[in-house]
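> Got a predicted model here, sequence first, then my questions.
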2 protein chains.
Amino acid sequence: MTAAPDGGAQHPAGAGPTNSLVDVAGIRVGHHTREEPGWLTGVTVVVAPAGGAVAGVDVRGGGPGTRETDLLDPRNLVDRVDAVVLGGGSAFGLAAADGVMDALAADGRGWPMADPPDATRVVPIVPAAILFDLGRGGSWANRPRAEDGRAAYAAATDAVAQGSVGAGTGAKAGGLRGGVGSASVVLPSGATVAALVVVNAVGSAVDLETGLPYAVRLGLPGELGHVRAPSQADLAAAQARSLAAVEAGEAAVPGLATTIGVIATDATLTKAQCQKMAGVGHDGLARAVRPVHTLFDGDTLFALATGSGPSSDPVEQTMVMEAGADCVARAVVHAMLAATSVDRTADGGVALRSWSDAFPSALT
Amino acid sequence: MTAAPDGGAQHPAGAGPTNSLVDVAGIRVGHHTREEPGWLTGVTVVVAPAGGAVAGVDVRGGGPGTRETDLLDPRNLVDRVDAVVLGGGSAFGLAAADGVMDALAADGRGWPMADPPDATRVVPIVPAAILFDLGRGGSWANRPRAEDGRAAYAAATDAVAQGSVGAGTGAKAGGLRGGVGSASVVLPSGATVAALVVVNAVGSAVDLETGLPYAVRLGLPGELGHVRAPSQADLAAAQARSLAAVEAGEAAVPGLATTIGVIATDATLTKAQCQKMAGVGHDGLARAVRPVHTLFDGDTLFALATGSGPSSDPVEQTMVMEAGADCVARAVVHAMLAATSVDRTADGGVALRSWSDAFPSALT
């Protein structure tokens, strides 16, 4: 676990105070990390403000693992979610949402099912998506369960740890360790837009021609100024490792990878507009990961609109959606920069090198 | 719990041996019923043959609660499911799928994630849908959990109990008790088609003008011959109760109802054709329940094709799909006929009258 990748640096004028998802007022994020011996997985929960957030989803990967996404169809009744769960553990990890539902219900939060409303008669609305990380810590059986979801919910806070935490603990992107990244921006209208992604892809978030994350060019002024072209030695070493991995046939079993995430804004959007925002968000993923949306990725993005910010017209809504895509791309960069190396080969798991260890010369 | 509604009668020539879902070779069904004091809910699991079944889904209700439906999009990679979970408990009941996944994994069943395949490295594919029954047994907190799913899986057999069992335990349709129903048919080609539904609807499966289930006319020759027009006294009493319920405002809080089910065939269908079959299946629901697919129903049908039967061309596929719709409609009738009355008002729950108790004169 590390702090935000730009550490104590001043946030660029365009980003929100924390340059992360919680810059959208009322949103909280909780991680639960399972990295003890044999484990390399976890859960990340995005908790909506009291009363929930309007939400949408777009599933673009060919191997998704999801829960409660059908209710987000704009034709359907329920238009607010209480939380979104992102988990490791492949489809098994969907169990984490059970714990989050129970915890929300205990807090009296959920869709009101009684008239008049009664805090003991609610059904929490908790969509979820998972990523594949089974076996990376050493044991196939070590995957998130309901109690891990409950722990992530209990840990929810208005500070977002990034890197090798929560659902990003066992994440891998291309040949490097993936992880959790987040970013935000404040638009001229005053609307805040932000994203949190968990990068775990068949494809790579790093251009092996340059050694730099593909989306580094999308950084806000000053945001990624500490990242520079790596040395030829670092680059040659990384290219050699990549070639060796291909020759060893590692790419022949891509497994189900999956990048998952949440985009949020305080702008007022309808449920259908949130679905559109989630779809546009995948364009940010396309700019940051290559290849992406493969049959072996279950790439899924949720979009939340809290409505506490300024109202919007279609032009502003378009700016909000495009800003969401850029936040997704920047969040992918932050995830790669914040990840740390890990070696679980002694336990029968995997070794994952971080970008910062692969390209030490790239960080000034 | 009761046997199939036609009891020991000869099955009509057109139906399979059990006139239920398990007539599709290799399909098994397990119920776990929670009807102890304070409870009125349960889980029903449809287990695919070893190796799984090609599957699709169509969500037509406006308030669905689902899991693992996105992977069934025909564009996506995974094309076989190991089981389908139908549960009570509203969205909380999705936890039942966790127990089914664990049990399948323990049996070495699931999508192979290792190359070469390794029975310890599988991810069971277990889509699920739930219905709303919270509080009907008396306690809002009594809902299916992972262990209930595990128990239903352990109970899977090639005999299908119908009526007030499994996911149908807390079910209600219109003013009557809903439940589990099933039906099958063998087509001239030799293909078997069958359905299992759990009827729990805002609308009614019974025409209050006649007292008969809407879809009784779709019965195979001899199948529903024991059902006749009820007496004027029974009809008048039922109409009076319905009017009293409306006047008491019961219809003002419809809650989330939801009819869920599985259609299966041994014909060979692609994943996209299974999606189409699930969609056509909803036409059977439209013929059997009115209104249906409301914003307060999460009506969801899955379709499974085992491929062990005859191959098919588009004409035969159309017959298979239409037969699926008819099986859905007939299964709704069987559910209503097999349900039994229950009264949990002393526990703070509800009283649900069965069709057979409301219209005793209709059964010869």
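Received, thanks. Residues are numbered from 1 along each chain as shown, chains lettered A, B, ... in the order given.

> How about the contacts made by A:Thr44?
A:29-32, A:85-87, A:152, A:165-168, A:180, A:196, A:198 (Cβ atoms under 8 Å, 6 or more residues apart in numbering or on different chains). From N, CA and C alone the C-beta is placed, and that goes for glycine too.

> if I pick the residue nearest to it when sequence neighbours are not counted, what's in contact with it?
Counting by Cβ to Cβ, 6 or more residues apart in numbering or on different chains, A:Gly166 is the residue found nearest to A:Thr44 once chain neighbours are left out, at 3.5 Å. Neighbouring residues of A:Gly166 by Cβ under 8 Å, 6+ apart: A:30-33, A:42-44, A:86, A:152, A:180, A:198.

> Wait, A:Gln317 touches A:Leu269, no?
Yes. Judged on Cβ atoms under 8 Å, A:Gln317 makes contact with A:Leu269 at a distance of 6.7 Å.

> Could you check which of these two has the larger neighbour count?
Set A:Gln317 next to A:Leu269 and count neighbours by other Cβ atoms under 10 Å in any protein chain shown: A:Leu269 wins out with 24 against 21.

> ok, back up a step: need the contacts of A:Gly166 in a markdown table (columns: pLDDT).
Listed next are the contacts of A:Gly166 as a markdown table, based on pLDDT from 0 to 100:
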| residue | pLDDT |
| --- | --- |
| A:Gly30 | 98 |
| A:His31 | 98 |
| A:His32 | 98 |
| A:Thr33 | 98 |
| A:Gly42 | 98 |
| A:Val43 | 98 |
| A:Thr44 | 98 |
| A:Leu86 | 98 |
| A:Ala152 | 98 |
| A:Val180 | 98 |
| A:Val198 | 98 |
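
> Restricted to strands, list those residues.
A:30-33, A:42-44, A:86, A:180, A:198 (DSSP state E).

> most neighbours, which of those?
A:Val43 (36 neighbours).

> In contact with that one, which residues?
So A:Val43 contacts A:31-32, A:85-88, A:93, A:96, A:144, A:148-149, A:151-152, A:166-167 (Cβ under 8 Å, 6+ apart).

> which residues does it form a beta bridge with?
Legend: beta-bridge partners of A:Val43 under DSSP bridges are A:His32, A:Gly87.

> any low-confidence regions in the stretch 201-350 of chain A?
A:249-255 (pLDDT under 70).

> in it, what residue is nearest chain B?
Chain B sits closest to A:Leu295 of the stretch 201-350 of chain A, with a gap of 4.3 Å, by Cβ to the nearest Cβ.

> Now do the phi/psi pair for the residue nearest to that residue when sequence neighbours are not counted.
Nearest non-adjacent residue to A:Leu295, counting by Cβ to Cβ, 6+ apart: A:Gly62, 3.5 Å away. Main-chain torsions, A:Gly62, degrees, to the nearest 10: phi -90, psi 0.

> shouldn't A:Gly62 be in contact with A:Gly298?
Yes. Counting by Cβ under 8 Å, A:Gly298 is a contact partner of A:Gly62 at 7.4 Å.

> the more surrounded of those two?
A:Gly298 (32 against 20).

> Now do the same for the more buried one: helix, strand or coil?
Secondary structure state of A:Gly298, per DSSP: H, G, I helix; E, B strand; the rest coil, is coil.

> who's in contact with it?
Counted by Cβ under 8 Å, 6+ apart, A:Gly298 has contacts A:59, A:61-66, A:129-132, A:256-258, A:260, B:70-71.

> can you map out the helices along the stretch 201-350 of chain A?
A:232-247, A:271-288, A:314-338 (DSSP state H, counting those that start in this stretch).

> of all those, which gets the most neighbours per residue?
helix A:314-338 (a mean of 25; mean count of other Cβ atoms under 10 Å in any protein chain shown).

> Quick one: distance of that helix to the chain centre.
12 Å (Cα atoms, centre = their mean, to the nearest Å).

> Perfect, that will be all.
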